[in-house]
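> One predicted model, sequence on top.
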Amino acid sequence: MSYITPFESSLQAVFTKAQRITATFPEPLNQTGQAYITHINPLHRSGDQNYIGYLLPYWMTEMASVTKEQCEQLALANLFGMLHFFIVDEVMDTGSRESRQKLALSHLFYTQMYGVLHSMHTSDSKFWEYYDRYLADWSIGVAQESADDYFNTDPLRTALKSSLVKIASTGALLLSGQHAFIPAVEQAVDYVLVALQMADDWTDWEADLADGSYNGLLALFRDKWPEQSPITVSKVRKAIYVQGLLTDYAKLACQFEQAHLELGLKAGHLFAFHASITASLANDARNIDLARQKQMEGGLFQTLT
């Protein structure tokens, strides 16, 4: 894939460096931290992965004149930042006995991210204004998503939880003097992050229904059939496989892809990644529609014969 293949060696270098740094953490956090890094490494896993978190600075080289070393530093900061916020989300979701150790590890990841960023951006850089805003966006996203029903009221706000990923694109643009492109690139990244969340919610809707987590597909179900309360697995399955819920969901994803395209940015790798996510959702919806049509035709044939 064009948005991955040219950068595989760079991606491996970023994860190797992250492993080396994490190995210096105190026991047993070093081993736990390295296990987390291995777990999220997209080169070690199959299927669609969150490549944007690690490849965004490399994708930005189509627009921003940043060096290979700067890309690696930005990607490394993003990696540690994502691990930090991943663990915070995990602890908030589970509240398990391991919470204390996980939060300690999370703090170490955050320290590494912050240190890398400070090595690249001076204290008076405008970068820190963006950083503060992205951090505030994350806090709003995790606190208010469910209460404000973001998916139905303002779908782009579902990207708030992942706002810190934009430190890579904004950092690259600032380092190369391309400040004017930041608003459009922020919007493009938001479109991609929404697509990623939609894909995750399609995959995880049963688990999210079971544990009460906010889920865009389930939110759309509630909005279309508010009388179907309480929601059950069987009701949602009927909506997906009989009533076309996933088709409507995929159409919305396609609208975001079109809006991304209309921004007219010279960031082909980022858009290709977005298009691959949307295509996967649309393909799943199409397959369900075709299966439903075949069943209907089969029933008609049996009636006629």
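The structure has been received and is ready for your questions. Only a predicted model underlies this, so the values are computations on that prediction, with no experimental measurement involved. Numbering: from 1, shown residues only.
> Do you have the helices of this protein handy? List them.
For the chain, the helices defined by DSSP state H occupy 8-22, 29-40, 52-59, 68-94, 99-120, 127-148, 150-153, 166-175, 182-211, 216-224, 233-241, 245-261, 268-304.
> Leu160 is nearest to which of the ones you listed?
The closest of those to Leu160 is helix 127-148. By CB to CB, the value is 2.9 Å. (Each C-beta comes from the backbone N, C-alpha and C, glycine too.)
> OK, contacts around the closest residue in space to Gly53 that isn't next to it in sequence?
The shortest distance from Gly53 to any non-neighbouring residue, by CB to CB, 6 or more residues apart in numbering, is to Met82 (4.9 Å). Shown in contact with Met82 (CB atoms under 8 Å, 6 or more residues apart in numbering): 40, 50, 53, 164-165.
> Could you check the pLDDT of Gln228?
Turning to Gln228, the model gives it a pLDDT of 85.
> Quick check: closest non-adjacent residue to it.
Nearest non-adjacent residue to Gln228, counting by CB to CB, 6+ apart: Lys235, 5.2 Å away.
> so that neighbour touches Glu227, yeah?
No - taking CB atoms under 8 Å as the definition, Lys235 is not a contact partner of Glu227, at 10.5 Å.
> Neighbour count for the two, which is higher?
Set side by side, Lys235 and Glu227 give different neighbour counts by other CB atoms under 10 Å, the larger being at Lys235 (16 against 4).
> so how far is Phe127 from that one?
Distance, Lys235 to Phe127, using CB to CB, to the nearest Å: 47 Å.
> Could you do Lys161 as well?
Plainly put, Lys161 is 21 Å away from Phe127 if you go by CB to CB.
> List the residue ranges of the stretch 151-300 of the chain that fall below the pLDDT cut-off.
298-300 (pLDDT under 70).
> again, 80 this time
The model of the stretch 151-300 of the chain has pLDDT under 80 over residues 296-300.
> In this structure Leu193 contacts Val165, no?
Yes - look at Leu193 against Val165 with CB under 8 Å: they come within range, at 6.9 Å.
> Check the contact lists of these two and give me the overlap.
Ile52.
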